[in-house]
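Undergrad: Sequence below, structure please.
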Amino acid sequence: MPLLPQPWSKKRGSRLAARVFSGVVGEVLFYALLFLIGVFAVTLTIVGRFPGGGGPAVPVGLGFWIFLIASLALLVTGGGGLSYRILRVGASSERRAALARRTESLELVGRPARQTRPLPNVPQGDALGDSPGIRLAYRLPSSASPVTRVAAAAVLALLWCGVWVVLAAVAVSGLWRGTPRPMLTFLLLPLGGIGIWTARYFLRQLRESAGVGATIVEISDNPLRPSSSYRLFVAQFGKLRLRRLRVSLVCEEESIFRQGTDVRVDRHVASETAICSEKNVSIDPETPWEEEFELKVPPRAMHSFQSPHNAVHWKIVVSGESRPWPSFSRSFPVVVHPPCGAGTRDRR
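TA: Below you'll find the model as predicted:
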C-alpha cells in the first residue's frame, strides 16, 4: 500500500524534508503575533476602564479580571517565546547537548593554570579557556555574535509595532464608544508604513542569521607560542552555498591616539597566515561543514600586547563568500605568549 507523503517528517538519512528557515520564521511570527495581540487586548482593557472621553467606564468584575489576565498571558507568552527563539537562532540543539555532555566529563585539572610569573602588558588568556570544546580542549568565543543584530532589529520592530497597536486600540475604542479621533486615525497610516518596514528589516536579519548559522572554533591548547603547532577544529552551520570559505590566523595592530579633541583608533593587519581555503562549499542544516587543521604559529610572531595606547591582537578569522546570503566574517580571539623562557606555565 503506497504511503502518503508527509512534508513534516524526516527522510531516511540526515536531511530534513521541511524547510528549516521557514519553520524558524513561522515560529517567530507566531510569538510576535501573540505579543501584539496581548498588547492590543491590554490596551483595550485599560482604555475601557479609564475611557477619558466622556463614555461610561467598564465595570470591574470577574469578566474584567479574566480578560485582563488572559491578555497579560498572551503578552508574556509571546514576548518570552520570541526572546527565547531569537537567542537560539544560528545554534543547534544537538550541539548544545554535546556541549553539556562534554562539560560534565571534563575535570577541573584540565583547565589552564595561571603563569607563575605574569608578563607585563601580555594578556594571560585565562578567559579563553573557560568554555570546553567537543573535539578539542577549548572552544574559542566569538568577538561579535550575530544574535545581537537580530535582537536589536527585533526590539526596534516590536517597540514600533507595539506603539502602533496601542494607538490602534485607542482609535478602535473611540469608534466603538461613538467618540472618533480622526487625527489619530490619520496618523495610523504613516506609522503603519514605518512598522511594516521595521518588520521586514527584522525578518531579513532573522533569515540571514538563521541561514548563515553559527561558527564554532576549537583549539587544542591555550595560550599559543611562536614556532609551536596546535590542532584547530572549525565547524560552520547553516544552509548555504559558499563560493569560498577561508580560515586564517591574523595578527592585528591597534593604535589609539588623540587628534585635536577626538580620540581615534587605527587598526591594520600586520600578518595573515592562511590555514584553509576551499571553493564551492555546500552546507546543510543537519550536516555542517567540519574540518580539523594543524595551526602553526610563525616563528617570529609578535606576542599579544595590551597597553593604554597600543595593542597587538591575534585572532582566528572564518570568512565566507556565500549565495544567496551575504558574505560573512567572524573573528575568534587567541593569545600568543613569548617563547618559553620568558615565563612558562605551571602544568600539573
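
Undergrad: The spatially most central residue of the chain and L206: what is the separation?
TA: Centroid check for the chain by CA atoms, centre = their mean gives V147 as the closest residue, at 1.9 Å. Counting by CB to CB, to the nearest Å, the separation of V147 from L206 is 10 Å. Just so you know, the C-beta spots here come from the backbone N, C-alpha and C atoms, and that holds for glycine as well.

Undergrad: repeat for I275
TA: As for I275, its distance to L206 is 31 Å (criterion: CB to CB).

Undergrad: If you count surrounding residues, which of those two has more?
TA: Between I275 and L206, counting by other CB atoms under 10 Å, L206 is the more crowded of the two (24 against 18).

Undergrad: Was I right to think the more buried one contacts E27?
TA: No. Using CB atoms under 8 Å, L206 is not in contact with E27, being 10.4 Å away.

Undergrad: State the distance from L224 to F293.
TA: Distance of L224 to F293, given as CB to CB: 14 Å.

Undergrad: Same drill for these two, tell me which one is more crowded.
TA: In this view L224 and F293 are compared by other CB under 10 Å, and L224 has more residues nearby, 23 against 13.

Undergrad: So the more buried one is in contact with L249, correct?
TA: No. Contact criterion CB under 8 Å: L224 and L249 do not qualify, at 9.1 Å.

Undergrad: what's the overlap in contacts for these two?
TA: L295, V297, W314, V334 (CB atoms under 8 Å, 6 or more residues apart in numbering).

Undergrad: Widest-spaced pair of the residues you listed?
TA: Pairwise distances across the shared contacts of L224 and L249 peak at 11.0 Å for L295 and W314 (criterion: CB to CB).

Undergrad: The two: who's more crowded?
TA: It is W314, of L295 and W314, that has more neighbours when counted by other CB under 10 Å, with 24 against 19.

Undergrad: Secondary structure element for the more buried one, which one?
TA: In the assignment (DSSP states H and E), W314 maps to strand 310-323.

Undergrad: Wasn't S143 part of a helix?
TA: No. Using DSSP: H, G, I helix; E, B strand; the rest coil, the assignment for S143 is coil, not a helix.

Undergrad: Run through the bridge partners of the closest residue to it other than its chain neighbours.
TA: Leaving aside its sequence neighbours, S143 sits nearest to S331 (CB to CB, 6 or more residues apart in numbering; 4.3 Å). For S331, the beta-bridge partners under DSSP bridges are V317.

Undergrad: do you know how far H337 is from R139?
TA: As judged by CB to CB, H337 and R139 stand 20 Å apart.

Undergrad: Relative to L44, how far out is L68?
TA: From L68 to L44 the distance is 10 Å (CB to CB).

Undergrad: So the two - more neighbours on which side?
TA: More crowded of L68 and L44, by other CB under 10 Å: L44, with 20 against 16.

Undergrad: Now S271. Nearest residue, chain neighbours left out?
TA: C251 (4.5 Å).

Undergrad: C-alpha coordinates for the helix or strand containing the one you found, CSV please?
TA: If you go by DSSP H and E, C251 is part of strand 240-259. Extracted as CSV, the C-alpha positions of strand 240-259 are listed here (Å, rounded to 0.1, in the frame of the first residue of the first chain):
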residue,chain,number,x,y,z
LEU,A,240,24.1,27.9,2.2
ARG,A,241,26.4,27.5,-0.8
LEU,A,242,29.7,29.2,-0.4
ARG,A,243,31.8,30.4,-3.3
ARG,A,244,34.8,30.4,-1.0
LEU,A,245,35.4,29.5,2.7
ARG,A,246,38.6,30.8,4.3
VAL,A,247,40.2,30.2,7.7
SER,A,248,43.2,32.2,8.6
LEU,A,249,45.4,33.3,11.6
VAL,A,250,45.5,37.1,11.7
CYS,A,251,47.7,39.5,13.7
GLU,A,252,46.2,43.0,14.0
GLU,A,253,48.0,46.0,15.4
GLU,A,254,45.9,48.7,17.1
SER,A,255,46.9,52.3,17.9
ILE,A,256,44.9,54.8,20.0
PHE,A,257,45.9,58.5,19.6
ARG,A,258,44.3,61.9,20.1
GLN,A,259,43.8,64.2,17.1
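
Undergrad: Let me know the angle separating the very next helix or strand once past that strand from strand 240-259.
TA: Per DSSP H and E, strand 240-259 leads on to strand 262-283 as the next helix or strand towards the C-terminus. Orientation check (axes from the mean of the first three to the mean of the last three CA atoms, to 10 degrees): strand 262-283 against strand 240-259 gives 170 degrees.

Undergrad: V150 against R207, yeah?
TA: No. Counting by CB under 8 Å, V150 sits too far from R207 to count as a contact (9.8 Å).

Undergrad: Look at these two and report which has more neighbours.
TA: Ranked by neighbour count (other CB under 10 Å), V150 and R207 place V150 first, with 22 against 18.

Undergrad: How about the contacts made by that one?
TA: By CB under 8 Å, 6+ apart, the neighbours of V150 are I86, V89, F202, Q205, L206, S209.
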